[in-house]
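Asker: got a sequence here, can you model it:
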Amino acid sequence: MERGPGQDVSVISWLDYDAPEANFMLDDPELNLAIATQGRAQDGAEGLRHFTHGLRATHEGERSHLTVLAHSYGSTTVGAADAGGRGLDADDVVVVGSPGLTVDRADQLHIAPERLWVGAAHGDLVSDIASDATLGADPKEAEFGAQRMYVDTEGHSGYWDDGSQSLINQGRIIAGMTPDMGPRP
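Answerer: As a prediction, the model looks like this:
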């Protein structure tokens, strides 16, 4: 599906869940452990499902291309949302810097595995260390079954660096196009 001039694109940031803190200086051990549990992702999952299904229900005309993009623990919330109920009803899901999607394999989500895109930057400690621990299997590994999107940035927060292939690839997916798969790590 090619998109070109004159095509409308809308971006909505959904932040209606309680993201865990990663401040190990806090005196409350429960707050420190929240980042390693699925609790907050599961708590936000139903709200996200209702939101995306609401977008579908209120849209008029031809079905639009809906891409859900998530970063870090937000991807865990997206995984929990797409694994449960009727899923997210998204055409594409993009996760970057993901510590896990609450499942062991891509085919346990409602999104087709060939429409689940995973980006992992070199030196992203969240993706490198936290994946395959307590939040689900490592989505960047081939056996997970998702599509590996090429990322040319560094660290956990560089996925949107101006001019990066990572940013271009996310834009291509949002527009319903195939991203550059680039060299495999």
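Asker: from here on, just use CA atoms for contacts and neighbour counts.
Answerer: OK.
Asker: tell me the contacts of the closest residue to Ile129 other than its chain neighbours?
Answerer: Excluding the flanking residues, the one nearest Ile129 by CA to CA, 6 or more residues apart in numbering is Pro99, at 7.9 Å. The contact partners of Pro99, by CA atoms under 8 Å, 6 or more residues apart in numbering, come to 72-73, 75-76, 126-132, 135-136, 138.
Asker: so of those residues, which ones are in helices?
Answerer: Within the contacts of Pro99, residues falling in helices by DSSP state H are 73, 75-76.
Asker: quick one: least confident of the residues you listed?
Answerer: Least confident entry in the ones in helices among the contacts of Pro99, by pLDDT: Tyr73, with 93.
Asker: so which strand or helix has the residue nearest the centre of the chain?
Answerer: Nearest to the geometric centre of the chain sits Val95, at 2.7 Å (CA atoms, centre = their mean). Assigned by DSSP states H and E, Val95 falls within strand 92-96.
Asker: helices and strands around that strand, which ones?
Answerer: For strand 92-96, the packing partners by 3 or more CA pairs under 8 Å, 6 or more residues apart in numbering; DSSP states H and E come out as strand 67-71, strand 116-119, helix 165-174.
Asker: okay, and for the protein, where does confidence drop off?
Answerer: Counting by pLDDT under 70, the chain shows low-confidence ranges at 1-7, 22-34, 183-185.
Asker: separation between the nearest residue to His122 once chain neighbours are set aside and Gly123?
Answerer: Distances taken as CA to CA, 6+ apart place Glu154 nearest to His122, at 5.1 Å, with adjacent residues excluded. Glu154 sits 6 Å away from Gly123 when distances are taken as CA to CA, to the nearest Å.
Asker: could you do Glu114 as well?
Answerer: For Glu114 relative to Gly123 (CA to CA), the value is 26 Å.
Asker: noted, bye for now.
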